[in-house]
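In: when you get a sec, could you give me coordinates for this:
(4 chains)
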Number of protein chains: 2
Amino acid sequence: MGRRKVQMKRIEDKSSRQVTFSKRRSGLIKKARELSVLCDVEIALVIFSSRGRLYEFSSADGLTKILERYRCHYEQESEASKDVNEALRSHTELLHIVQSQLEEPNVEQLSLMDLVNLEKQLDMALSETRARKTQLMMESIMTLQEKEKLLRAENELLERESAAMEKNEDEGNEVVIGFSNHQYLGNLGSLCCPTPTRL
Amino acid sequence: MGRRKVQMKRIEDKSSRQVTFSKRRSGLIKKARELSVLCDVEIALVIFSSRGRLYEFSSADGLTKILERYRCHYEQESEASKDVNEALRSHTELLHIVQSQLEEPNVEQLSLMDLVNLEKQLDMALSETRARKTQLMMESIMTLQEKEKLLRAENELLERESAAMEKNEDEGNEVVIGFSNHQYLGNLGSLCCPTPTRL
DNA sequence: GAGACTATCTATAAGAC
DNA sequence: TGTCTTATAGATAGTCT
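Out: Numbers count the residues shown, from 1 in each chain, chains lettered A, B, ... in the order given. Below you'll find the model as predicted:
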């Protein structure tokens, strides 16, 4: 959005890098604020400059809360955190009981029924834990697959663009007259160079 | 940046809000990525949609690390959340330990050797299956992460090539006529090479 | 409900001071 | 260094598919 297109790589000149950082940083924060207001969503944005200075933005809820929510997102079921907390409480309770019973030298005195019940409870607790683990992994895989898809698409686009440019360069010395109306190009127009009319 | 200026307030129409969220979210994430690359800074961006879906971006260092750094910056740790997470982790560990302790010393007391053996075998099979499942999922995740890395690298390379080519063209000495104003091309101008009329 | 299109608006890279 | 200006690249609202 400036006088010329900029390459997507680290700006080597320290001064311009600083200027760009300042400009874009405020732009980014502004955009984050707009998104949070327009769409009524929670956003947390943290930026560390190379010198270690911290810049941040967060929507009304506050950065800490959002970050906390972020962490919880991977630890708890999104369905109902109530259930998770309850499960956690009962599991912990169960553990205490079992542990105290195991610590005593006469574990054998536990009745068979006690053991059966304990086993059942432990089994259920284990199942929940396993299910949670599996779900988290599945989510992770889904996210990654989505990322891959997007990257592949972007890649393809770039390759076509690149190929089109090369072709264009090869034809560089020829006399070329303007475009046909680009509106007729449809989808391809956005992917490759419109083939110019040659004389 | 659209057909008309938009008021900076929550978009009431649910549908447009959703569309705007999708569009601006990707725009914001793109800008965050650009800033992190151009200025070599660390950025963490977390967005929760109103439905509780999580979207995130983070520069190379990874979101967790940056958030960690953020927390260190303020030394504001939420003890409650930390405790919950710790509990969940150690909880899982303990369950495994306790279960194995329960199984071992009491096998004889059940005195149904066949059943016990069968159970053991089934248990082993189950364990193996679970382990295998976990391993496969982990491998899947690793592979996808690797893929992502490669695709990103390839992408960057292509973008540089592309940029170099354009620069090359710009520096050409040819006399150029017509369509010097790319604005007439609309969006296409940014995606395809603006092949001007050459003489 | 995700993408393509395009007019229009915004951000920002360079310049100017 | 900072601030203002300007030309241009980039983002996106409305629309259609």
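
In: buried stuff in the helix or strand hosting residue A:33?
Out: Assigned by DSSP states H and E, residue A:33 belongs to helix A:14-39. Under the neighbour-count criterion of 16 or more other CB atoms under 10 Å in any protein chain shown, helix A:14-39 has A:17, A:20-21, A:24-25, A:28-29, A:31-33, A:35-39 buried. For every residue, glycine as well, the C-beta is placed using N, CA and C.

In: ok, now stretch A:148-160?
Out: Buried, per 16+ other CB under 10 Å, within stretch A:148-160: A:148, A:151, A:154, A:155, A:157, A:158, A:159, A:160.

In: anything in it near DNA strand C?
Out: No. Stretch A:148-160 stays clear of DNA strand C (CB under 7 Å from any atom of the strand), getting no nearer than 8.2 Å.

In: which residues does the residue of chain A found nearest DNA strand D contact?
Out: DNA strand D sits closest to residue A:1 of chain A, with a gap of 3.0 Å, by CB to the nearest atom of the strand. Residues near residue A:1 by CB atoms under 8 Å, 6 or more residues apart in numbering or on different chains: none.

In: let me see the domain layout of chain A.
Out: As assigned by automatic domain parsing, chain A contains the domains A:14-61, A:66-171.

In: mean pLDDT lowest for which of those?
Out: Mean pLDDT is lowest for domain A:66-171 among the domains of chain A, at a mean of 64.

In: residue A:154 - nearest residue in space that isn't next to it in sequence?
Out: Nearest non-adjacent residue to residue A:154, counting by CB to CB, 6 or more residues apart in numbering or on different chains: residue B:155, 5.9 Å away.

In: now swap in residue A:35 and tell me
Out: The shortest distance from residue A:35 to any non-neighbouring residue, by CB to CB, 6+ apart, is to residue B:24 (4.8 Å).

In: just checking, that neighbour touches residue A:36?
Out: No. The pair residue B:24 / residue A:36 is not scored as a contact, 9.9 Å apart, by CB atoms under 8 Å.

In: tally of neighbours for the residue in chain A positioned nearest to DNA strand C?
Out: For chain A, the residue positioned closest to DNA strand C under CB to the nearest atom of the strand is residue A:2, at a distance of 1.4 Å. Neighbourhood size, residue A:2 [other CB atoms under 10 Å in any protein chain shown]: 7.

In: wait, a strand at it?
Out: No. Under DSSP: H, G, I helix; E, B strand; the rest coil, residue A:2 falls outside any strand and is assigned coil.

In: which pLDDT does the model give it?
Out: At residue A:2, pLDDT is 84.

In: residue contacts, the closest residue to residue A:49 other than its chain neighbours?
Out: With sequence-adjacent residues excluded and distances taken as CB to CB, 6+ apart, residue A:49 is closest to residue B:41, at 5.4 Å. Shown in contact with residue B:41 (CB under 8 Å, 6+ apart): A:21, A:47, A:48, A:49, A:50, B:35, B:59.

In: distance to DNA strand C and secondary structure added to those residues, as TSV?
Out: Listed next are these as TSV, based on distance: CB to the nearest atom of the strand, whole Å; DSSP: H, G, I helix; E, B strand; the rest coil:
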residue	distance to DNA strand C	secondary structure
A:21	9	helix
A:47	13	strand
A:48	18	strand
A:49	15	coil
A:50	16	coil
B:35	7	helix
B:59	16	coil
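
In: isn't residue A:10 up against residue B:35?
Out: No. Counting by CB under 8 Å, residue A:10 sits too far from residue B:35 to count as a contact (11.3 Å).

In: just the angle for the helix holding residue A:33 relative to helix B:14-39, thanks.
Out: Going by axes from the mean of the first three to the mean of the last three CA atoms, to 10 degrees, helix A:14-39 is angled at 170 degrees with respect to helix B:14-39.

In: and helix A:14-39, anywhere near DNA strand D?
Out: Yes. Using CB under 7 Å from any atom of the strand, we find that helix A:14-39 touches DNA strand D at A:15, A:18, A:22, A:31.
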